[in-house]
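K.L.:
Pasting the sequence and the predicted model now:
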Amino acid sequence: MPYITTYKGEEIKTRVEEVRPNFYRVVLGEREYEVDFLEPQKNLYSLIIGGKSYEVDVDAPEGSDVYGVGILGDHFEVEVVEEKKKKLAAKLAIGVSGRQDMKSPMAGNVWKLLVKEGDRVTAGEVLLILEAMKMENEIKSPIDGTVTSVAAKEGVPVAAGDPLCVVEPPEEG
Amino acid sequence: MPYITTYKGEEIKTRVEEVRPNFYRVVLGEREYEVDFLEPQKNLYSLIIGGKSYEVDVDAPEGSDVYGVGILGDHFEVEVVEEKKKKLAAKLAIGVSGRQDMKSPMAGNVWKLLVKEGDRVTAGEVLLILEAMKMENEIKSPIDGTVTSVAAKEGVPVAAGDPLCVVEPPEEG
Amino acid sequence: MFKKVLIANRGEIAVRAIRACKELEIATVAVYSEADRAALHVRVADEAYCIGPPPSSQSYLVMDRIIEVAKKSGADAIHPGYGFLAENPVFAERCEKEGITFIGPNPYAIRIMGNKTTSRVAVAEMGVPLVPGMKENLTSEQHAIEWAEKIGFPLMMKAASGGGGKGMRMVSGMEDVASAYRSAKSEALHSFGDDAVYMERYVENPRHVEIQVVGDKHGNIIYCMERECSIQRRHQKVIEEAPSVIVDDDMRRRMGEAAVNAARTVNYDSVGTVEFIVSGRTREFFFLEMNTRLQVEHPVTEMVLGIDLCKEMIRIAAGMPLSYKQEDIKIRGHAIECRIYAEDPNNKFLPTPGRITTLRVPGGPWVRDETGMYEGLDVPIYYDPILSKLVVWGGDREKCIARTLRALSEYVVKGIKTTIPFHVRVMKNEHFIKGDFDTNFIDKQFVMEDEAREKPYEDVALVAAAIKTYRRDKARAQRILGGAEQAQAISPWKLSGRVKR
Amino acid sequence: MFKKVLIANRGEIAVRAIRACKELEIATVAVYSEADRAALHVRVADEAYCIGPPPSSQSYLVMDRIIEVAKKSGADAIHPGYGFLAENPVFAERCEKEGITFIGPNPYAIRIMGNKTTSRVAVAEMGVPLVPGMKENLTSEQHAIEWAEKIGFPLMMKAASGGGGKGMRMVSGMEDVASAYRSAKSEALHSFGDDAVYMERYVENPRHVEIQVVGDKHGNIIYCMERECSIQRRHQKVIEEAPSVIVDDDMRRRMGEAAVNAARTVNYDSVGTVEFIVSGRTREFFFLEMNTRLQVEHPVTEMVLGIDLCKEMIRIAAGMPLSYKQEDIKIRGHAIECRIYAEDPNNKFLPTPGRITTLRVPGGPWVRDETGMYEGLDVPIYYDPILSKLVVWGGDREKCIARTLRALSEYVVKGIKTTIPFHVRVMKNEHFIKGDFDTNFIDKQFVMEDEAREKPYEDVALVAAAIKTYRRDKARAQRILGGAEQAQAISPWKLSGRVKR
């Protein structure tokens, strides 16, 4: 299947072929790799590529095309998307602005809620402070805009991915 | 639910009641225990009984009522059966003799097959030798009788529980 | 010896203390909050009692509940671990009054050493060197300006009840004295409820070197050599080692004797640590404070000396004399400890509570795993993020670093993020390898060097991500087609949901 | 130093050698049979190549394949581990011819020491004590009767190419000499393809004590003290320790010097072990044989000496001189190793291949896990049942036993049975604790004492079984009723199958 891999802003045409069970051919742009594959523990791969043995830790949150890949202390953020889906996404792209659904980056307690519905905020302004494991973590607005809804409540715990609040950019024109 | 627990040949009337989630009352004959229960890893129980904390390793082969229980180096073979089922089994009991379906006690290779269909064997006679992990393990007939079928083949691997052969006792009278 | 010891703590240090008791054949009593029923310390103790809701203010810090459990279970001693009630003189006195032995020093020692000012006054009398500066607190801006002239620049403005870098200001010239005074005072009040501040000389290339001391109830006090704890992130120790590269035999003896003198001022009668700040430039050392507990980093000392400090602490509390004389204390090789936190080093060190879904712990020669983790554990959000400590011994520092790197490469924790990758990167850093660092190294220099590092396995990462995507897509396609084999893994309602979509 | 080392082995010893190479910053090449693709040594090595089908005769023993992989990968040395090709002089010579360094002694040493008769002749010339007896083989029944008179009773009839207790007979009187001669000869022929037998004195209360030696290629040989290996089950070591309770300083020096003399006869130039049989009654010691490899039990020596024998072995093979002089070798504390086998101690020690579904490894102070296991591993049926080794150090033997018991109590292996419960029971045995045992202890005395032991937790076991049954029955009932929540765990076709039943 043809994919587009995005790593450090660069797009690489990618093809994956299952030559036989647990053996893949992967083409990354001009480079081609034959991969002896095993998954001895869930999302922990043992790859043998041209005789070299690698243990690779792969994390993929449900519903996301962005993978966190760990190899011996190094961390890689890689996006892999089907080629046709990528083209579609490019057409629909609306830039870095737009409506911001703020989600909790971790489980924690909402220690301080600093905004309410209708508040105007600027990019970088602290919206609320989460507390987890005795550490305070500021959640900041990524854009200038208005807080249009607030789901977080002070003193109430949230799980990773829970909605906290929504910031909408000023209407255009 | 009323059970009969059998341990070292002794039968003990047993009742289990779920007082609340993860908290049980267990009555063993005259003794009664209140048990704070947790299963942090599969079939590895953390029990707190009257303040005492125990880690208990419980194994129950699929379809068997006999449990292997391990606590700090000690091993217990315990059978727990519903009271009514036990009574039924008692009625049907046919003693220690009868047709013997010999099953493999472990995964291994059939190294030597020493009997064939129709052979007469005596109790304790070696029927076949299994090899696993560089060790030879003799499988002996538990009764005097005749080999009426042989499923094992020399040089062919078997899994734990696979049928090896059947020994039938001489017909009565 | 005690019959039964209650461990008034949780996590890896509770497990450490329980192990020591087991090896001494002493029964153990765990206490746990409602968030910790499944914690490892509950599972490995002989007895376990719930002492309240998750927040530590309602459980691990509630003296009444802990004393009550001790009495109910018949425990004759309490081990406080570190943190929580470990350095609370009121708790130590309360234990004494209830007839339960507090496994730690006498309450007087805890009280004197728990306060920066009283501890400095006490040890100075015994000739222990202090950073040149004030012995009282500042009373006004004018007072600060007068003293700044005497001390010279750069100097440090510090909160009397300080810790963790809060209420601290480096002042490089006279023009900044007044504003530093005001802001340090306000931060000190906010952080510690006490706005007392003082000033002292700024020690250049500051290194944090501490001496382990052990005293018994018969007046014997010895020093168990030093630990180097300069690898700190935001004033928190993250990697410790023994011995220190900047300490030679003569300096070790002088620091050791100073530490014993400091301990003697309070008739110290347990394991404890005298912390010094050492100038990396001049190798002068100055008393910082004394910690009246078993430190997080005690294992590095244990590994190089072959002495079980946790067991020795229990023996001493039971009134037994020290098992060692000063001349028995000999260093063999080198040891390093890496603190494994539930924090994501690739995402601003954000805390990462959650379920540990896969765990593979490093092993092999001279690798010690001090853990509170197991596979399946839900790491709660309520407590410190320390999960475990990896402690490694080697014949010398170079071998020890190579072994630590090897051990870290074997570590697998999935489900939550940990600081393991951070430690891998520190072990490969050339300044760390050379021993060329001070307490600012991680925050200032390492961060930049780390950003610029080579990543040799980029293509392997891309290959892995591509295969993961391919397998995920294939599994999805097969689920939609409804192959019976693949369907096993998912539930009926999920299946129908997907088919409908 | 080598650039790349091929490890011609599998399991825990392959992992051990790979760890040593990693710490020396040498690249590693693993080889594996088709049954071992998922094995830990494949996952942790830098390179890995499949060398054939599961049976070792078609993979780990095929010299051509291994040499081929070494050449293809550019390995300049081969570490043989123990077993397989470790003591095969032909393989050592083959490596030499191909220009690849064999990490082990010279082939001459392997050849001489690999044969009981030639090794006895060689060491006797250097004055190393042998068990009083014959230096040639028996030629006839009459010959046996003549020698029996000279040696006296009880005596041992032994196969010249023996090992593992096969072809051995204890003979207590003249009337049994002829029949023992015939049966030992026949068993020796059957077991080793060689029917040569000889006789020697029977050593009373025999203990197996061995001396670790290390020699380099520059003529230096030192001894690294002893290991006690008398805890054997059916002539296989299962628990080893260092030092031995029956060896004092003087005896240690005499045994060490004898071992060095034995090693010198073959210009020994690697790590090796000289095995002695020691009379528990008289404390006389006699040469048994020399093992020209790294032993399974080498970690106990490493722990008490603070020396990495596996790394030293690699350094020596690279031509480097010994890192230690005899006077550097000093014992600190005590160490015990428990071999963890895939055998069921509660069911006649039957082998138990299969999948490891849960694994929790012990940790904490001075606990060393030498493993080839991980959670999810399928233990294959083709190889030796050793899974891992638990190695524990303590300040003295008593502390070490207490710590070993503590560590064993933390071990959890589910899915397959292991010998862990057996080790728990040995650590609690009063004869073992006193050090009062010989090589017959486990098979003769321990088995009976173990049968008769108290089991304090019977009711807890019954409670657990009752709860398990209750929960199983409840889950079944809920599945049949088809509660959506419970149904998640099972597949649609299974569910319908159950409903129909």
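P.N.:
Yes, it's here.

K.L.:
tell me which helix or strand of chain C sits lowest on mean pLDDT?
P.N.:
Across the helices and strands of chain C, mean pLDDT, DSSP states H and E gives its lowest value to helix C:492-500, namely a mean of 37.

K.L.:
Enumerate the residues of chain A near chain D.
P.N.:
Within chain A, the positions lying close to chain D (Cβ under 8 Å from any Cβ of the partner chain) are A:36, A:38, A:40-41, A:46, A:48, A:51-53, A:55. C-betas here are computed from N, CA, C, even on glycine.

K.L.:
List buried residues within the residues you listed.
P.N.:
Buried residues within the residues of chain A next to chain D, counting neighbours by 16 or more other Cβ atoms under 10 Å in any protein chain shown: A:36, A:40-41, A:46, A:48, A:53, A:55.

K.L.:
OK, contacts around residue C:245?
P.N.:
Residue C:245 makes contact with C:228, C:397, C:435, according to Cβ atoms under 8 Å, 6 or more residues apart in numbering or on different chains.

K.L.:
Inside strands: which ones of these?
P.N.:
Judged by DSSP state E, strands contain the following of these: residue C:228.

K.L.:
of the contacts of residue C:245, closest to chain B?
P.N.:
Nearest to chain B among the contacts of residue C:245, counting by Cβ to the nearest Cβ, is residue C:228 at 37.2 Å.

K.L.:
ok so, going back, reformat the buried ones among the residues of chain A next to chain D as JSON lines; add secondary structure and distance to residue D:279.
P.N.:
Listed next are these as JSON lines, based on DSSP: H, G, I helix; E, B strand; the rest coil; distance: Cβ to Cβ, whole Å:
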{"residue": "A:36", "secondary structure": "strand", "distance to residue D:279": "55"}
{"residue": "A:40", "secondary structure": "strand", "distance to residue D:279": "49"}
{"residue": "A:41", "secondary structure": "strand", "distance to residue D:279": "50"}
{"residue": "A:46", "secondary structure": "strand", "distance to residue D:279": "51"}
{"residue": "A:48", "secondary structure": "strand", "distance to residue D:279": "53"}
{"residue": "A:53", "secondary structure": "strand", "distance to residue D:279": "50"}
{"residue": "A:55", "secondary structure": "strand", "distance to residue D:279": "51"}
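
K.L.:
If you rank the contacts of residue C:245 by neighbours, which is first?
P.N.:
Scoring the contacts of residue C:245 on neighbours with other Cβ atoms under 10 Å in any protein chain shown, the highest-scoring entry is residue C:228 at 24 neighbours.

K.L.:
Which pLDDT value belongs to it?
P.N.:
Note on residue C:228: pLDDT of 98.

K.L.:
ditto for the one 10 residues further on
P.N.:
Per-residue confidence (pLDDT) for residue C:238: 97.

K.L.:
Which secondary structure elements does the helix or strand hosting it sit against?
P.N.:
Per DSSP states H and E, residue C:238 falls inside strand C:236-242. Judged by 3 or more Cβ pairs under 8 Å, 6 or more residues apart in numbering or on different chains; DSSP states H and E, the packing partners of strand C:236-242 are strand C:221-233, helix C:298-305, strand C:334-341, helix C:420-427.

K.L.:
Tell me which other helices or strands the third one touches.
P.N.:
Taking 3+ Cβ pairs under 8 Å, 6+ apart as the contact definition, the neighbouring helices and strands of strand C:334-341 are strand C:236-242, helix C:298-305, strand C:386-394, helix C:397-410, helix C:420-427.

K.L.:
residue ranges for the strands of the stretch 251-400 of chain C, please.
P.N.:
Applying DSSP state E, counting those that start in this stretch to the stretch 251-400 of chain C gives strands spanning C:271-279, C:285-291, C:334-341, C:343-344, C:350-351, C:354-355, C:358-360, C:367-371, C:378-379, C:386-394.

K.L.:
And the strands in the stretch 101-250 of chain C?
P.N.:
All strands of the stretch 101-250 of chain C, identified by DSSP E, counting those that start in this stretch, fall at C:101-102, C:155-163, C:166-171, C:197-201, C:206-215, C:221-233, C:236-242.

K.L.:
okay, those strands in JSON lines with distance to residue D:237 next?
P.N.:
Output for the strands of the stretch 101-250 of chain C, formatted as JSON lines (distance: least, Cβ to Cβ, whole Å):
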{"stretch": "strand C:101-102", "distance to residue D:237": "44"}
{"stretch": "strand C:155-163", "distance to residue D:237": "53"}
{"stretch": "strand C:166-171", "distance to residue D:237": "58"}
{"stretch": "strand C:197-201", "distance to residue D:237": "62"}
{"stretch": "strand C:206-215", "distance to residue D:237": "39"}
{"stretch": "strand C:221-233", "distance to residue D:237": "37"}
{"stretch": "strand C:236-242", "distance to residue D:237": "35"}
